[in-house]
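K.L.:
just to be clear, the model below is a prediction. Sequence and coordinates:
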Number of protein chains: 2
Amino acid sequence: MTGTAVREAIEVKKAGGALPDELVAAVVAGYTAGAVPHEQMAALLMAVLLRGMDDGETLALARAMADSGPRYAFADCADKHSTGGVGDKVTLAALPIVAACGVPVAKLAGRGLGVTGGTIDKLEAIPGLSVALDGARMRRQVDAVGLVIAEAGDLAPADKAIYALRDATGTVDSLPLIAGSVLAKKAATGAGTVLYDVKAGKGALTTGVDGARELSALLLRLSAAMGIRAAALVTGMDAPLGRAVGNALEVRESVAYLRGEPADPELDEVVRAVGVAVLELTGVDEPEKAFERALASGAAHGRLAAMVRSQGGDEAALDDLAVAAHAGDVAAPRDGWVARLDARAIGHAAIALGAGREHRGDAVDPGAGIELLARVGDEVAAGTPVARLFGIRGAERAAVLVAGALALSGEPVARPARILERPAPAPARP
Amino acid sequence: MTGTAVREAIEVKKAGGALPDELVAAVVAGYTAGAVPHEQMAALLMAVLLRGMDDGETLALARAMADSGPRYAFADCADKHSTGGVGDKVTLAALPIVAACGVPVAKLAGRGLGVTGGTIDKLEAIPGLSVALDGARMRRQVDAVGLVIAEAGDLAPADKAIYALRDATGTVDSLPLIAGSVLAKKAATGAGTVLYDVKAGKGALTTGVDGARELSALLLRLSAAMGIRAAALVTGMDAPLGRAVGNALEVRESVAYLRGEPADPELDEVVRAVGVAVLELTGVDEPEKAFERALASGAAHGRLAAMVRSQGGDEAALDDLAVAAHAGDVAAPRDGWVARLDARAIGHAAIALGAGREHRGDAVDPGAGIELLARVGDEVAAGTPVARLFGIRGAERAAVLVAGALALSGEPVARPARILERPAPAPARP
């Protein structure tokens, strides 16, 4: 029966037709149950990548994948989703601010894979903190603290299985498959409000702004169809965001941000845009002022500390998190202006140091990573360090990668804008 | 390395590029060796189906698949290849005539799958006959008898593996993949001269004449590039060819043809066209006359008998081959003219009786099958039998399928032409 379903689906897509909802559901259920072999699913995914899917098919895919695991109910809560990047600690910096403004936040997050970091890996750099919370436990914490971030362990297992197959078969770069995967997780979370931070650039899934704009519009249409209040930002990911790349290093940078210490201006730009957009979506009055108050008063930092405490983490360690041994610096080879800091290459350097994983299941060193001492647009002198490496292994390879990621110009270089577009919201469904 | 090759090939085809020869070779070798997983190969095959392949890529595929097994050398011999159909016994009827005209014939043939019969299954209906001959044994028989047909057992194993995967993943109906598969077998055979009988119609791989014409042209271009002398015919396969469908039944019809008994006119039309085309290709003078002489003199029948004897078959049984028990007839439901005898439905009816296999490895009953007592264009009276069923099982289901395959018209129906096109030969390569 499922063997028939996937064969039928393959023929529909080959002919350029649209998959009926029940067929999508039968294929996803069959694949999750092991009744549809990998090779048939791979052929279907390639046909989908090359023929495309309309919004109805993509919604059916998202719903079928959401239905493959537990469904949560956080309709009263806000969430944000980043399509992934290097040094992206916006969740840790922005969501405590949102929570401090009185908007409850519940987020199911994932681990990093490849150059893309994951919020769960970052949180696990905090000693004692548990990310394995069930729905009831999450709900209690939202009600008590207003902020919870847990691991999306068993959320949408079909999405996890299909993503692994896409990764192996060259079928990752399909907008409907990307959007279906995101929406499956949001549907399973039962999210009421979502801000999508869609990255564009060398360190992102979608390298061009056009693709990111298209993905944003698709995410907004699908969210509207699912009854999720949503907005989107297209933000740049040519270079890492902020100064820290690596789990403990990124938590440190986020905590310093919440303490009001002088922040990287690009990180500040994105955290502010994301935070304010969530507050706007949830109807908070004067969102910029609310954001500022929550930050300046220390309320946001207090909200993060409360979350850490509630999840069993060492609140005292939060303000001076341990990092790995200093493993050397990378210096500017000559005088000039930083023209490029390739996010993908720096992501690979961080992986070499142990901060990330090439393959699902690899171990991660929470203290490993890279601190960038210069950013695009900065003037540097020959021999001054531009990056500091932390880790107990891989420093040599990481240094080569960081040196390769760096390009200097003889002319001044303008700091690139991080907020590239603010896509219009999808029209409400009739 | 091969994992890299297939991933690279997938990206090339996704982007609409052409695969370099070495990449094709690496992927085929990797898949044959088990180093490329089925799901990656399936994704590549779907990308090839939807993006196409040019002649260079298709040649590289054919050569790589030919190189996966033994290579034979029959450059002095003629061969014919049918793209498959129901009741297609042209090999058995035409090749003895060609051999009797002094043209050596060496053919490596296959078994049937689905509604398409296979010459090897048909030959095995002859008691004692062996189709498992090695290259040296085939060569001796060509030199002694002028005619050999053996099983293509270990020929192009990569083609066999890829075909099975295509069958499972909806990637059969790609002209470059079909042509690559055919040419791989011809290259491995080392064939010097090949006549392609490309079927068009409901019982064929390519249902439309346009597709069959395109496939013919492709086969001729690839053959020219490989130094194979080739011609093609596009012949109809809406209805079964001739009166017999089933292994022993088809051998009986072929032997009767070679004995000069009154033949089905459509079968005669195709056998004559194929035989004469091979004789023309190989430079036989006055090919129509030579064909006629070989048939009328009994030389062709003698040549088949000599082949059967040489391969250990019971020559005496040949002229009255046993068939399975008569299992009933299907009668015309009303008066009229036969407007349709759906080849695919009749093929499935023959399978139900045990004459064919749905899945590779299924057992076949050599005596099972169907004798058609009427053909398209014939006038029939209500209650007269139009088909006779032979077999020890499946008669009920077969009768339903044959009844469904039959359509009657209240108006006279013209007998359809079987020879639909005679594609122009490919220009010789510079």
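P.N.:
All right, it came through fine. Numbers count the residues shown, from 1 in each chain, chains lettered A, B, ... in the order given.

K.L.:
would you list every one of the helices in the stretch 151-300 of chain A?
P.N.:
Under the criterion DSSP state H, counting those that start in this stretch, the stretch 151-300 of chain A carries helices at the ranges A:157-169, A:175-189, A:209-225, A:247-258, A:265-281, A:287-296, A:299-310.

K.L.:
nearest to chain B, of these?
P.N.:
Distances from chain B to each of the helices of the stretch 151-300 of chain A were compared using Cβ to the nearest Cβ; the minimum, 3.8 Å, belongs to helix A:157-169. Bear in mind the C-beta positions are built from the backbone N, C-alpha and C, glycine included.

K.L.:
quick one: contacts of that closest one?
P.N.:
A:28-29, A:31-32, A:38, A:41-42, A:45-46, A:64-66, A:68-69, A:171-172, A:174, A:177, A:180-181, A:184-185, A:360, B:10, B:37, B:39-40, B:42-43 (Cβ atoms under 8 Å, 6 or more residues apart in numbering or on different chains).

K.L.:
now the residues you listed: which count as buried?
P.N.:
A:28-29, A:31-32, A:38, A:41-42, A:45-46, A:64-66, A:68-69, A:171, A:174, A:177, A:180-181, A:184-185, B:10, B:37, B:39-40, B:42-43 (16 or more other Cβ atoms under 10 Å in any protein chain shown).

K.L.:
next, count neighbours for the closest residue to chain B within the stretch 301-430 of chain A.
P.N.:
Using Cβ to the nearest Cβ, the single residue of the stretch 301-430 of chain A nearest to chain B is A:His359, 12.7 Å away. Summarising burial for A:His359: neighbours were counted as other Cβ atoms under 10 Å in any protein chain shown, giving 8.

K.L.:
quickly find the element holding it.
P.N.:
Taking DSSP states H and E as the definition, A:His359 sits outside all helices and strands.

K.L.:
what are the phi and psi values for it?
P.N.:
The main-chain torsion angles of A:His359 are listed as degrees, to the nearest 10 and equal phi -120, psi 140.

K.L.:
ok, now which ones touch it?
P.N.:
If you count contacts by Cβ under 8 Å, 6+ apart, then A:His359 has nothing around it.

K.L.:
read off the pLDDT value for it.
P.N.:
You'll see A:His359 listed with a pLDDT of 79.

K.L.:
sorry, back to before: among the buried ones among the contacts of helix A:157-169, which lie within helices?
P.N.:
A:28-29, A:31-32, A:38, A:41-42, A:45-46, A:64-66, A:177, A:180-181, A:184-185, B:10, B:39-40, B:42-43 (DSSP state H).

K.L.:
for the closest residue to A:Glu288 other than its chain neighbours, list the residues it contacts.
P.N.:
Of all residues beyond its chain neighbours, the one nearest A:Glu288 is A:Val276 (5.7 Å), with distances taken as Cβ to Cβ, 6 or more residues apart in numbering or on different chains. Counting by Cβ under 8 Å, 6+ apart, A:Val276 touches A:287-288, A:291.

K.L.:
distance of the residue of the stretch 301-430 of chain A closest to chain B from A:Gly328?
P.N.:
A:His359 sits at a distance of 26 Å from A:Gly328 (criterion: Cβ to Cβ, to the nearest Å).

K.L.:
repeat for A:Val255
P.N.:
A:Val255 sits at a distance of 25 Å from A:Gly328 (criterion: Cβ to Cβ).

K.L.:
same check, this time on A:Val142
P.N.:
Taking Cβ to Cβ as the measure, A:Val142 falls 43 Å from A:Gly328.

K.L.:
A:Pro127 belongs to a strand?
P.N.:
No - using DSSP: H, G, I helix; E, B strand; the rest coil, the secondary structure at A:Pro127 is coil, not a strand.

K.L.:
chain neighbours aside, what residue packs nearest to it?
P.N.:
Of all residues not flanking A:Pro127 in the chain, A:Asp314 sits nearest, at 4.3 Å (Cβ to Cβ, 6+ apart).

K.L.:
my guess is that neighbour contacts A:Ser130. True?
P.N.:
No - here A:Asp314 lies out of contact with A:Ser130, judged by Cβ atoms under 8 Å, at a distance of 11.7 Å.

K.L.:
near chain B, which residues of the stretch 51-200 of chain A? Just list them.
P.N.:
By the criterion of Cβ under 8 Å from any Cβ of the partner chain, the positions of the stretch 51-200 of chain A lying close to chain B are A:51, A:165, A:168-171.

K.L.:
run the last query once more with 6 Å
P.N.:
Selection of the stretch 51-200 of chain A residues close to chain B by Cβ under 6 Å from any Cβ of the partner chain yields A:169-170.

K.L.:
spit out the contact partners of A:Leu318.
P.N.:
A:Leu318 makes contact with A:255, A:308, according to Cβ atoms under 6 Å, 6 or more residues apart in numbering or on different chains.

K.L.:
relative to A:Leu92, how far out is it?
P.N.:
Using Cβ to Cβ, one obtains 11 Å as the distance from A:Leu318 to A:Leu92.

K.L.:
cool, A:Ala350 as well?
P.N.:
According to Cβ to Cβ, A:Ala350 stands 17 Å off from A:Leu92.

K.L.:
which of those two has more residues huddled nearby?
P.N.:
The neighbour comparison of A:Ala350 against A:Leu92 (other Cβ under 10 Å) goes to A:Ala350, with 32 against 22.

K.L.:
whatever helix or strand that one lives in - contacts with which helices or strands?
P.N.:
Following DSSP H and E, one finds A:Ala350 within helix A:343-353. Under the contact definition 3 or more Cβ pairs under 6 Å, 6 or more residues apart in numbering or on different chains; DSSP states H and E, helix A:343-353 sits against helix A:395-405.

K.L.:
who are the packing partners of the helix or strand following the helix it packs on?
P.N.:
Heading C-terminal from helix A:395-405, the first helix or strand you meet, by DSSP H and E, is strand A:406-409. In this structure, strand A:406-409 makes packing contacts with strand A:336-341, judged by 3+ Cβ pairs under 6 Å, 6+ apart.

K.L.:
surely A:Asp329 is in a helix?
P.N.:
No - with three-state DSSP as the criterion, A:Asp329 is strand rather than part of a helix.

K.L.:
what's across from it in the sheet?
P.N.:
According to DSSP bridges, the partner residues bridging A:Asp329 are A:Arg388.

K.L.:
cool, and A:Val198?
P.N.:
A:Val234.

K.L.:
isn't it right next to A:Leu215, touching?
P.N.:
Yes - with contact defined as Cβ atoms under 6 Å, A:Val198 counts as touching A:Leu215 (5.4 Å).

K.L.:
what about A:Tyr196, neighbour count?
P.N.:
26.

K.L.:
hmm, it is touching A:Lys80, no?
P.N.:
No - in this structure A:Tyr196 lies outside contact range of A:Lys80 using Cβ under 6 Å: 7.6 Å.

K.L.:
what stretches of the stretch 301-430 of chain A score poorly on pLDDT?
P.N.:
Applying pLDDT under 70 to the stretch 301-430 of chain A flags residues A:428-430.

K.L.:
tell me the phi and psi of the closest residue to A:Ala332 other than its chain neighbours?
P.N.:
Spatial nearest neighbour of A:Ala332, excluding adjacent residues (Cβ to Cβ, 6+ apart): A:Val380 at 4.2 Å. Dihedral pair for A:Val380: phi -130, psi 150, per degrees, to the nearest 10.
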